[in-house]
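# I would like the atomic coordinates for the input below:
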Amino acid sequence: MINKQTLSIKIVVIFLVCILTAIPAFALKVYVNPSIQTGNYSPDGAYQEAAGMQDVAVRLVNKLIGRGIEARNSGWLSLSGACTDSENWGSDCFVALHTDASGSGWTSTHGTTTLYWYNNPTSAYFAGICSDQVSRHFTKFGLNYNRGTSARSDLYVLNPSNQSAVPSALVEGLFHTNYNDVYGALMNDSGRQAYAEGVCAAVCKYYGIIYNEDGPSACSMNSNRIDMVSRGAYGQVVLDTWTSAVGWSTVSLGGVTYEAPAIVSRTNGILDAFCASTTGVLHQNHYENGNWSGWQNLNQTLASGPSVCSQNSNNITICARNGGNNQVYVRNWTTSGGWGSWVPLYGTTYDSPCIVSRASGTLDVFARGPDNKLYQKSSYDGGVTWTANWYNHNFVIGSAPAGVSRNSGNVELFFRGTNNNMMGHNWNSGGVWTLADYGGQISAVPAVAKRDSNTMDVFVRGTDDYLYQLGWTAAGGWWAGYYNMGYYY
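Purely as a prediction, here's the structure:
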């Protein structure tokens, strides 16, 4: 399978037909209206609805823009001001963000409800999708109770006399009078991020836009083998292995994760897989002498899936988004010293960062910033010290990046473009970055493995949820098309 150089015209046509149905055929404008209710607090005064929802709105707008959707945030505008602004902007869809309340003290009432204008079936349908997706995204916190939808005739921002966007919905994501809702999600960056991701997923589902950004991670321990991990249908870590002698085989590594896992090989015969547990805690599974160790707790809470690379046969360097502040952190492991401390690189991202090693002692971290642009930070002493500032590559990317280095003078980055094509960003020792469009229409972060300095394989999740492979060799260049490897999960 790996040596296939071309795709038949039939496969290409089918692929293109599938992906074209997943792209909006118009410029979609979504208006985001966060709560301005500064008097609504949790019973202990720690959580304020307005502050929490303003934060969710910023995250949601970033997510929508990252999917190629125009988005506008009303911020602190009054209800009438927001409705007027939405009308003047020409919104296609209107989403208000709130948290719910029941009584004045802590209560057992919990979950997510979405409200809509009483005689609008289109908004009613959209509200149902919102409740479903937002509650699903709170599953990782054990807060996925879906209270359904409610028709209302008394809400100013949903009244079509005040703003006419259809569909319109007001999401009540969790209760700020429920202790578990507040301290399990609303008070946490990861919880508010989940709220934003749930609404973004709802918008995408309603308009037929593929949302899921989960993709595989791949590595190669030698020129005749590729190992790839991904999250299975039930959250388990799935390992797909290709060898030149056997082809592809699949096994489950067990575990349950809500984030994309990662895998690395520091030398022939050794693999290390990493994932965040359902509570966000980093775990490692080590492979050596033909056996897996089982998942070991590394006692660090993450807000994203990890990214991992190896500087040499005695090193592993891991990179992730911190669970407390959404900043990028790195950590080194060596055969002589074990795991070191986490080193903060600062800089904020709402995605998984990516780490690449060009040579022993050299590291490059890449991340999508809050403005959806690509940023880079580098270390030339193995991760002890880092460049002072994040370098802005000054263009917008549609997903977190994935990367690999073929030699000490090269970096290859891959990501979803704002047009949903697979994009590449290549650097060589001459100091010049080159941007390339590889087509393909993808829905997730790509994965890339280097079998040797002259061979790369990129794996992408198509908008039809099939996994595709695109190979490259120094002698022959890129394959003529993507190879369909079958359903992703």
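# Could you use CA atoms for every contact and neighbour count after this?
Noted.
# Any buried residues in stretch 458-473, and which?
458-472 (16 or more other C-alpha atoms under 10 Å).
# can you give me phi and psi for the residue of the chain positioned farthest from its centre?
The centre of the chain is farthest from one residue, Ser161, which by C-alpha atoms, centre = their mean lies 37.4 Å away. When read as degrees, to the nearest 10, the backbone of Ser161 gives phi -70, psi -20.
# where does it land on pLDDT?
Ser161 is assigned a pLDDT of 96 by the prediction.
# for the one 5 residues further on, same thing?
At Val166, the pLDDT value in this model is 94.
# same question, Gly215
pLDDT at Gly215 comes out at 86.
# Does it belong to a helix, a strand or coil?
Assigned by DSSP: H, G, I helix; E, B strand; the rest coil, the conformation of Gly215 is coil.
# mind checking how far it is from Asp227?
As defined by C-alpha to C-alpha, to the nearest Å, Gly215 lies at a distance of 14 Å from Asp227.
# Then Lys377?
Relative to Asp227, and taking C-alpha to C-alpha, Lys377 is found at 27 Å.
# more crowded one of those two?
Between Lys377 and Asp227, counted using other C-alpha atoms under 10 Å, the more crowded position is Asp227 (22 against 19).
# Nearest residue to that one in space, please, no chain neighbours.
Thr241 (4.5 Å; C-alpha to C-alpha, 6 or more residues apart in numbering).
# Dig out what the one you found forms beta bridges with.
Beta bridges link Thr241 to Asp227, Ser249 when assigned by DSSP bridges.
# Could you pull up the residues touching it?
Neighbouring residues of Thr241 by C-alpha atoms under 8 Å, 6 or more residues apart in numbering: Arg225, Ile226, Asp227, Met228, Gly247, Trp248, Ser249, Thr250.
# Just give me the closest of the residues you listed to Gly90.
Nearest to Gly90, judged by C-alpha to C-alpha, of those is Met228 at 44.7 Å.
# From Pro306, how far out is that closest one?
14 Å.
# now do Tyr380
21 Å.
# Could you export stretch 267-282 as CSV, CA atoms only?
What follows is stretch 267-282, C-alpha atoms only, in CSV (Å, rounded to 0.1, in the frame of the first residue of the first chain):
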residue,chain,number,x,y,z
THR,A,267,15.8,4.5,18.0
ASN,A,268,15.1,1.3,16.1
GLY,A,269,12.9,-1.1,18.1
ILE,A,270,11.6,1.5,20.6
LEU,A,271,8.4,3.4,20.6
ASP,A,272,6.7,5.7,23.1
ALA,A,273,3.0,6.6,22.9
PHE,A,274,1.5,9.5,24.9
CYS,A,275,-2.1,10.5,25.5
ALA,A,276,-4.1,12.7,27.9
SER,A,277,-6.6,10.7,30.0
THR,A,278,-10.3,11.6,30.3
THR,A,279,-9.3,13.9,33.2
GLY,A,280,-6.5,15.4,31.1
VAL,A,281,-3.6,13.7,32.8
LEU,A,282,-0.7,12.8,30.7
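# residue boundaries of the strands in the stretch 301-450 of the chain?
307-309, 315-321, 327-334, 338-339, 343-348, 354-359, 362-368, 373-379, 391-396, 402-404, 410-416, 422-428, 433-437, 447-452 (DSSP state E, counting those that start in this stretch).
# quick one: which of these is nearest Gly90?
Here strand 391-396 is closest among these (C-alpha to C-alpha), at 24.3 Å.
# could you give the mean pLDDT of that closest one?
On average, strand 391-396 scores 94.
# How about stretch 126-141?
87.
# buried stuff in that stretch?
Buried-residue list, stretch 126-141, by 16+ other C-alpha under 10 Å: 126-138, 140-141.
# In helices, which of these fall?
Those of these mapping onto helices are Phe126, Ala127, Gly128, Ile129, Cys130, Ser131, Asp132, Gln133, Val134, Ser135, Arg136, His137, per DSSP state H.
# Give me the spatial nearest neighbour of Leu413, chain neighbours excluded.
Gly403 (4.3 Å).
# Just to check, the one you found is in contact with Glu412?
Yes. Taking contacts as C-alpha atoms under 8 Å, Gly403 lies within contact range of Glu412: 5.5 Å.
# more crowded one of the two?
Set Gly403 next to Glu412 and count neighbours by other C-alpha under 10 Å: Gly403 wins out with 27 against 20.
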